[in-house]
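# Give the three-dimensional model of this entry:
(one chain, ligands or ions: 1)
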Amino acid sequence: MKTRILSGIRPTGHIHLGNYLGAICSWVSMLDKIDERFFCIVDQHSLTTTEDSNDLRKNTLTIAAAYIASGIDPVENHIFVQSHVPYHTELSWYFSCITPMGWLSRMTQFKDKANKNKDQTLTGLFLYPTLMAADILIYKATHVPVGEDQKQHVELTRDIAHAFNSYVGKQVFALPEPIIKKETARIMSLRDGLKKMSKSDPSDYSRIHLLDDNDTIATKIRKAKTDPDPIPSEISGLESRPEAKNLLNLHAIFTNKTMENVLKDFEGKLFSEVKAKLTDATINHMEPIRSKMLDLLNDETSLIKYLKNGANAANNLASGHMAEVRQVLNLL
Ligand code: TYM
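Numbering: from 1, shown residues only. Below you'll find the model as predicted:
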């Protein structure tokens, strides 16, 4: 069977280090192992949190630039915008007709984002996971590389695929595998080591944006929350020090070292030293990516051409699968 990746990022707010490490880096590491690769910018999902969708056009192009600048070649891979492929929303409707409301109400992201006043919670937010299931299944994707926070949605996608197959009495969809890399599964906020780094945190100091310049990166790392204790020699010494663990993990990722080796390097030292080294390592890694992103964003015409080509490939594959879906549903 052909292997196929589908994954995506919402063009909501600023793309940050959590998205880059948790999602994009994981995609890049799989490129040569998977037959076909589809990377989506899920703009319709952004509309479910209306307060965040003001800069949708600009953010969509920024995410496309981030994919390409990080090493996803737009000719070898299919980079496209969700709203350019109408089959996603069509399939999500069919899925909403076989998905019990109980499954959707149990989604933790829905519970976190839903309005306290239930009557005011938007239907789109409730149906978010059926659209995500459609994003994945319309391509019959086999692998879905994501950060830890999307695991529940990918598991629900498997349940929806199974429910659909049972409903039509035919194995239309295989169950996609979530791929979650341990070291980058959950990059934490720079202000609170118990919260994940997130686009919706009100503080810009909680996250590093992919377009932050070097001075901003340095300031954010300098202001990152830490504790006064020296660095321990063992990982177990970081158990109750989530901020320390997060910064050292970032250092390990950017220097390509194991956590054990990072602890050896810093054992007994204070955070001022770790922060200085982490700043250098982060800038070393991120500066070339930012610079490529800015070049790509300066040439909107080329960027939009890549997205059009990506959408053509996506529409081609999706239309065949949709014909099969309409047929098994007995639509005329
Ligand atoms: P989104 O846009 O919130 O995040 C995009 C990707 O980044 C990962 N991520 C993180 N990983 C590690 N640490 C963090 N702090 C962190 N924050 C975010 C997310 O896990 C995700 O992989 N519903 C999805 C978008 C989506 C999608 C899809 C993903 C829509 N359809 C189909 C995969 C397949 C979302 O809101 O991701």
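
# Going by C-alpha atoms from here, please, whenever you check contacts or count neighbours.
Will do.

# so what secondary structure elements neighbour the longest helix seen in the chain?
Secondary structure of the chain per DSSP state H: the longest helix is helix 300-328. On a contact count with 3 or more C-alpha pairs under 8 Å, 6 or more residues apart in numbering; DSSP states H and E, helix 300-328 meets helix 56-69, strand 78-81, helix 87-96, helix 271-297.

# do that helix and the ligand meet?
No: Helix 300-328 does not reach the ligand (C-alpha under 6 Å from any ligand atom); its nearest approach is 13.7 Å.

# and that helix with helix 271-297, angle?
Angle, helix 300-328 to helix 271-297, by axes from the mean of the first three to the mean of the last three C-alpha atoms, to 10 degrees: 90 degrees.

# thinking again about what came up before, can you tell me which of the helices and strands packed on helix 300-328 is packed in deepest?
strand 78-81 (a mean of 25; mean count of other C-alpha atoms under 10 Å).

# Show me which parts of the helix or strand bottoming out on mean pLDDT in the chain are buried, residue by residue.
Least confident helix or strand, the chain: helix 108-113 with a mean of 92, by mean pLDDT, DSSP states H and E. Neighbour-count burial for helix 108-113 flags 109-110 (criterion: 16 or more other C-alpha atoms under 10 Å).

# what's the model's confidence in the helix or strand that it is followed by, averaged?
Next along the chain after helix 108-113, taking DSSP states H and E as the criterion, comes helix 123-137. Mean per-residue pLDDT for helix 123-137: 98.

# Near the ligand, which residues of this structure are found?
6-10, 18-19, 22-23, 42, 132, 135-136, 146-150, 184-188, 196-198.

# Give me the subset of those that lies in helices.
Going by DSSP H, the helices hold 18-19, 132, 135-136 from the residues of the chain next to the ligand.

# Closest one of these to Asp227?
Nearest to Asp227 among these is Gly18, at 22.0 Å by C-alpha to C-alpha.

# so how many other residues sit close to the closest one?
24 (other C-alpha atoms under 10 Å).

# Enumerate every residue touching the closest residue in space to it that isn't next to it in sequence.
Once flanking residues are discounted, Gly18 sits nearest to Ile187: 5.2 Å by C-alpha to C-alpha, 6 or more residues apart in numbering. In this structure, Ile187 makes contact with 17-18, 21-22, 196-197, 246, judged by C-alpha atoms under 8 Å, 6 or more residues apart in numbering.

# what's the answer for Ala66, then?
Neighbour list for Ala66: 210, 289, 293 [criterion: C-alpha under 8 Å, 6+ apart].

# What is the nearest of those residues to Pro86?
Among these, and counting by C-alpha to C-alpha, the member closest to Pro86 is Met293, at 27.6 Å.

# That closest one reaches Ile63, doesn't it?
No: with contact defined as C-alpha atoms under 8 Å, Met293 does not count as touching Ile63 (9.1 Å).

# tell me the phi and psi of the residue nearest to Gly18?
phi -80, psi 130 (degrees, to the nearest 10).

# Please tabulate the helices and strands packed on helix 300-328 in a markdown table, including the columns mean pLDDT.
Below are these laid out as a markdown table (pLDDT from 0 to 100):
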| stretch | mean pLDDT |
| --- | --- |
| helix 56-69 | 97 |
| strand 78-81 | 98 |
| helix 87-96 | 98 |
| helix 271-297 | 97 |
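
# could I get the ones you listed as CSV with distance to His321?
Shown next, in CSV, are those (distance: least, C-alpha to C-alpha, whole Å):
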stretch, distance to His321
helix 56-69, 25
strand 78-81, 17
helix 87-96, 9
helix 271-297, 33
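
# one step back: for the contacts of Ile187, could you give me CSV that also reports pLDDT?
Listed next are the contacts of Ile187 as CSV, based on pLDDT from 0 to 100:
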residue, pLDDT
Leu17, 98
Gly18, 98
Leu21, 98
Gly22, 98
Lys196, 97
Met197, 98
Asn246, 97
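
# So how do I select the buried members of those residues in ChimeraX?
In ChimeraX, this line selects whichever of the contacts of Ile187 come out buried by 16+ other C-alpha under 10 Å:
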select :17,18,21,22,196,197,246
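
# Ser46: neighbour count?
Ser46: 22 neighbours (other C-alpha under 10 Å).

# so it makes contact with Thr12?
Yes: in terms of C-alpha under 8 Å, Ser46 counts as a neighbour of Thr12; the distance is 5.7 Å.

# Tyr306 and Arg37, how far apart?
14 Å (C-alpha to C-alpha, to the nearest Å).

# which one of those two has more residues nearby?
Arg37 (23 against 20).

# for the more buried one, which residues make a bridge with it?
Beta-bridge partners of Arg37, counted by DSSP bridges, are Ile5.

# Need the pLDDT of it.
In this model, Arg37 carries a pLDDT of 98.

# repeat for Ala114
Ala114 is given a pLDDT of 88.

# For stretch 301-320, buried residues please.
303, 306-315, 318-319.

# out of the residues you listed, what pair is the most spread apart?
Leu303 and Ser319 (24.1 Å).
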